[in-house]
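In: how does the following fold in three dimensions:
(one chain, ligands or ions: 2)
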Amino acid sequence: GNGSNPYAAGAFYAGKFYASEVATSVQAFTAAGDTVNAAKAAKVENISTAVWLDSVAKIPSIATTLDDAVAVQKATGVTQVVTFVVYDLPNRDCAAAASNGEFSVADDGLTKYKGYVDSVAAAFAAYPTVRIVAVVEPDSLGNLVTNSGIAKCSEAADDYKQGIAYAIQKLQFNNVALYLDAAHAGWLGWPNNLQPAATLFAQVLGMANGGTIRGFATNVANYNAFKATTPDPVTQGSSTPDEASYIAALTPLLQKLNVPANFIVDTGRNGVQNIRAAWGDWCNVVGAGFGVRPTTNTGVANVDAFMWVKPGGEGDGTSNSTAPRYDFHCGQSDALQPAPQAGTWFNAYFQMLVKNANPSL
Ligand SMILES: O=[N+]([O-])c1ccc(O[C@@H]2O[C@H](CO)[C@@H](O[C@@H]3O[C@H](CO)[C@@H](O[C@@H]4O[C@H](CO)[C@@H](O)[C@H](O)[C@H]4O)[C@H](O)[C@H]3O)[C@H](O)[C@H]2O)cc1
Ligand SMILES: [Mg+2]
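Out: Ligands and ions are numbered 1, 2, ... in the order given. Sure, this is the predicted structure:
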């Protein structure tokens, strides 16, 4: 349900995701004589990250993950909170190329997306004892606010809204909490974007036939500080230089529209600031570090949790300019190269995040 902080109901499920990749990374550190970072890397296995349902083929991972969560609940007596990301809209990632998905508007994508949502709902329904969180469609509504000038986004506007409303409507279970993606401070925090964003969120919620959400997820797959001690230079001129100020600015606009204004913030890659040439740089940014560990101790009443939503070892996009889905942002000087396809294991990046973790691992 969406009535309380789901992360306060139990423990952040860790899941030992990428156990073999992390083990390989630990071995690589050890082989290089770097026992300090080998020990740090090993700790990441026990830190909660979200499971990205970025294709129909990933649907079976819901049962695999929740079966393990049930086992952990039985072994520890502690309710596990498992975070998934619903991420398969037609014309996905419409303003970029790196994370384009399997469905397209032109090829009956909305119908196919609804089938994907039905499968997710059926999988969730089989696990009433586990606390489930679903982050809904990163970047999508952000793109409708700022990128209607891009054909793939304007063409997808209706399908994004209908698809998200359908997902909200179908994922209504007592043990499921939904956080709609609200991009981040550098994207929707600008004065020109803030009210249109709040209005769009309210419009989509109004299309969900009574379905409710717990609130919004911000900074997913991005690098912004929650509270910057000194504003990052790239935020120059913004009244929302960090996620806390973005959330503080967005909250009253949502409340005025009777939209739930609770938040989670992705701290999976925001441990280091002043690493970007421009705020709009999003791909495999060099110098990033794992941020604050998942916790409900956020210090802000309407921020439910900090959570590692984007798994640190998963890349943002290929740097191979001749490969499918190549996006020029991933070939920039502040993007780590060579990089694999979005969503696949990026070991060099993972090792960098380990070394730069703040607080340190
Ligand atoms: O001085 N001013 O007053 C003023 C006013 C307005 C200004 O314009 C704003 O400038 C912002 C940049 O500062 C832009 O924000 C960027 O928008 C991109 C999409 O277009 C996002 O890219 C996505 O990032 C995701 C991960 O976060 C990826 O998963 C995804 O694949 C990828 O596509 C960047 O994060 C995000 O930082 C705004 O649109 C733009 O409106 C600027 C100045
Ligand atoms: Mg992406």
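
In: now do residue 119 against residue 173, distance only.
Out: Note on residue 119: its distance to residue 173, by C-beta to C-beta, to the nearest Å, is 15 Å. Where you see a C-beta, it was placed from the backbone N, CA and C, and this is true even at glycine.

In: now do the end-to-end distance for stretch 301-314.
Out: Criterion C-alpha to C-alpha, to the nearest Å; first-to-last residue distance in stretch 301-314 is 31 Å.

In: what about it, near ligand 1?
Out: No. Judged by C-beta under 6 Å from any ligand atom, stretch 301-314 stays clear of ligand 1, getting no closer than 8.5 Å.

In: show me how far that stretch is from its chain's centre.
Out: Using C-alpha atoms, centre = their mean, to the nearest Å, the distance from the centre of stretch 301-314 to the centre of the chain it belongs to is 7 Å.

In: and the stretch 51-200 of the chain, which of its residues are near ligand 1?
Out: 93, 95-96, 98-99, 139, 146-147, 184, 186-187, 190, 192-193.

In: adding secondary structure, write those out as a markdown table.
Out: Output for those, formatted as a markdown table (DSSP: H, G, I helix; E, B strand; the rest coil):
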| residue | secondary structure |
| --- | --- |
| 93 | coil |
| 95 | coil |
| 96 | coil |
| 98 | coil |
| 99 | coil |
| 139 | coil |
| 146 | helix |
| 147 | coil |
| 184 | coil |
| 186 | helix |
| 187 | helix |
| 190 | coil |
| 192 | helix |
| 193 | helix |
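
In: show the buried residues in those residues.
Out: For these, a burial check counting by 16 or more other C-beta atoms under 10 Å picks out 93, 95-96, 98-99, 139, 146-147, 184, 186-187, 190, 193.

In: which non-adjacent residue is nearest residue 346?
Out: Closest residue to residue 346 apart from its sequence neighbours, by C-beta to C-beta, 6 or more residues apart in numbering: residue 315 at 3.6 Å.

In: check contacts around that neighbour.
Out: Contact analysis of residue 315 by C-beta atoms under 8 Å, 6 or more residues apart in numbering lists 284, 339, 340, 341, 342, 343, 344, 345, 346, 349.

In: so which residue is dead centre in the protein?
Out: Centroid-nearest residue in the chain, with C-alpha atoms, centre = their mean: residue 220, separated by 3.5 Å.

In: what are the phi and psi values at it?
Out: Dihedral pair for residue 220: phi -60, psi 130, per degrees, to the nearest 10.

In: so what's it up against?
Out: Listed by C-beta under 8 Å, 6+ apart, the contact set of residue 220 reads 85, 135, 138, 139, 181, 183, 184, 266, 309, 310.

In: tell me the pLDDT at it?
Out: The model reports residue 220 with a pLDDT of 98.

In: ditto for the one 10 residues further on
Out: The model reports residue 230 with a pLDDT of 95.

In: cool, and residue 17?
Out: Residue 17 is given a pLDDT of 83.

In: that one and residue 311 touch, don't they?
Out: Yes. Using C-beta atoms under 8 Å, residue 17 makes contact with residue 311 at a distance of 6.6 Å.

In: of the residues of the stretch 51-200 of the chain next to ligand 1, which is the nearest to residue 59?
Out: Distance to residue 59, by C-beta to C-beta, is smallest for residue 99 among those, at 18.2 Å.

In: hmm, that closest one is touching residue 329, no?
Out: No. Applying C-beta under 8 Å as the test, residue 99 and residue 329 come out as separate, 11.1 Å apart.

In: quickly list what's touching both of these two.
Out: Residues touching both residue 99 and residue 329 (C-beta under 8 Å, 6+ apart): residue 317.

In: now do the strands in the chain.
Out: Taking DSSP state E as the test, the strands found in the chain are 11-12, 51-53, 80-86, 131-136, 176-181, 215-218, 262-266, 303-307.

In: want to throw those into TSV with mean neighbour count?
Out: Output for the strands of the chain, formatted as TSV (neighbours: other C-beta atoms under 10 Å):
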stretch	mean neighbour count
strand 11-12	20
strand 51-53	22
strand 80-86	26
strand 131-136	26
strand 176-181	26
strand 215-218	28
strand 262-266	27
strand 303-307	25
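
In: could I get these as a markdown table with distance to residue 230?
Out: Output for these, formatted as a markdown table (distance: least, C-beta to C-beta, whole Å):
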| stretch | distance to residue 230 |
| --- | --- |
| strand 11-12 | 30 |
| strand 51-53 | 33 |
| strand 80-86 | 31 |
| strand 131-136 | 29 |
| strand 176-181 | 28 |
| strand 215-218 | 20 |
| strand 262-266 | 19 |
| strand 303-307 | 20 |
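
In: need the nearest residue in space to residue 54, chain neighbours excluded.
Out: Of all residues not flanking residue 54 in the chain, residue 87 sits nearest, at 4.7 Å (C-beta to C-beta, 6+ apart).
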